[in-house]
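*Asks:* pasting a predicted model and its sequence here:
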Amino acid sequence: MSASSASLREPIAPVLVRPGAATALLDAYRPATDRFLASPGHTLLGRGTAAEIPHDARPLPHRVREVLAARRCGGDPAPVVVGSLPFAPDAPPSLAVPESVRWAPPLREDPLIALPVPFAQDAADWRMCETPTPERFAAAVASAVARMRAGEFDKVVLARTLELTSPRDPDLPLMLRRLARRDPAGYTFAVPSGPGRTLIGASPELLVARRGGRLTANPLAGSAQRSADLAEDVRRAAALLESPKDLHEHAVVVAAVREALTPFSTRLDVPDRPTLVRTAAMWHLSTTVTGELADPDVSALDLACALHPTPAVCGTPTELARAVIGESEPFDRGPYTGMVGWQDADGDGEWVVTIRCAEAEGRSLRLFAGAGIVAGSSPEAETAETGAKFRTFLSAVGASL
């Protein structure tokens, strides 16, 4: 990593960073022209578009590397590509090099992140339409479970959408601020996802990050809804840690991550048992995988493309799970369960799994939520899980199912 790019991301002396630096970037976000990403390590705001990543037959990491190298040769000392990739491997990415990039410490370290923010809109403003309905989703889960018990495949992730329509344009900056304040230790983002569209959300899951010769991945699989009652919340967390169904689901994902990253690594550390990660709405089983790169030229996006899609968002075997998703979901996922993130010209960067999100277009918001289905899954429980996951975003708009 170049000294210039490192200095942009990491203040030399944390005491010199004024309180409110991260929330200032959050408050400065404007739709259409800006790209905002916040992680447990830093906060990024990109403004304008200096160059877009083309969509052609060449491998995506090669195209990104070429554009960043050209920007650096053209006089940009620390070019960064920012944006999102869709779930479908042949769909065009929404990646660009901003004209300017500002960095700040993480939102979770900013004392101003605790200040309250009003709801973006009143609940009465929203009309809702679920696709598929809970009943049809439960039927799709039951069908997938029957096929898995017959030995066709091991896991599939099925999703549904919730479309919210308002009589006026949604206030995306206000929604983003509410999402960030709800889970400031997670990954909050708002980036253009196509002409007139914005992808906005707060994901708990890091796909992969690269910093120098070190890589980190944090697969999540196996979930339980949080409870407002403390004793019940603790009971649900403890039950999740011992759930055979959820531990199996998680193990499938961790095994796939290990298999994908091993060829790139001289060392890979994978804990034997998962731990817990919590968001405002959910508990998740979590495993943090770390390793050392064998080849310094392998970029964060190289690693992300090798991992995507993990069984946490697709299933296993991958191609059969994709086919089941295509048969079962009556919509195009678009950016949902793709990835969102950034990468610099030295190959450092981080890519996050695009979940707990919505795509905004005009006066509509299209929310997404999915559940990992294995042979031990219950249609009723998986349907309830998607409803709980919708609440992450619904809380930002003052709506509820």
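*Replies:* Arrived safely. Residues are numbered from 1 along each chain as shown.
*Asks:* show me the helices in the stretch 101-250 of the chain, by range?
*Replies:* Per DSSP state H, counting those that start in this stretch, the stretch 101-250 of the chain carries helices over the ranges 134-149, 172-182, 230-242, 244-261.
*Asks:* got a list of contacts for the longest one?
*Replies:* I take that to be helix 244-261. 154-155, 208, 215, 217, 219-224, 240, 268, 270, 274, 285, 287, 289, 291, 303, 306-307, 310-312, 316, 372, 374, 376-377 (C-beta atoms under 8 Å, 6 or more residues apart in numbering). Backbone N, C-alpha and C define where each C-beta goes, glycine included.
*Asks:* please, a ChimeraX command that selects the buried ones among those?
*Replies:* In ChimeraX, a selection of the buried entries from those looks like this (16 or more other C-beta atoms under 10 Å):
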select :154,155,208,215,217,219,220,221,222,223,224,240,268,270,274,285,287,289,291,303,306,307,310,311,312,316,372,374,377
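*Asks:* what about the contacts of helix 244-261, which are in strands?
*Replies:* Mapping the contacts of helix 244-261 onto strands (DSSP state E) picks out 155, 208, 215, 217, 220-224, 268, 285, 289, 291, 316, 372.
*Asks:* go through these and say which is closest to Glu327.
*Replies:* Checking those against Glu327 by C-beta to C-beta gives Lys155 as the nearest, at 15.5 Å.
*Asks:* roughly how far apart are that closest one and Gly326?
*Replies:* As defined by C-beta to C-beta, to the nearest Å, Lys155 lies at a distance of 16 Å from Gly326.
*Asks:* helix or strand with the lowest mean pLDDT in the chain?
*Replies:* helix 3-9 (a mean of 37; mean pLDDT, DSSP states H and E).
*Asks:* so after it, what's the next helix or strand?
*Replies:* helix 21-28 (DSSP states H and E).
*Asks:* any idea of the angle the very next helix or strand once past that following helix forms with helix 21-28?
*Replies:* Following helix 21-28 in sequence order, the next helix or strand is strand 34-38 (DSSP H and E). Interaxial angle, strand 34-38 versus helix 21-28 (axes from the mean of the first three to the mean of the last three C-alpha atoms, to 10 degrees): 140 degrees.
*Asks:* now strand 34-38: mean pLDDT?
*Replies:* Mean pLDDT, computed over strand 34-38, is 98.
*Asks:* list the residues that contact Ala139.
*Replies:* Pro379.
*Asks:* distance of it from Gly83?
*Replies:* 36 Å.
*Asks:* do the same with Pro93
*Replies:* From Pro93 to Gly83 the distance is 7 Å (C-beta to C-beta).
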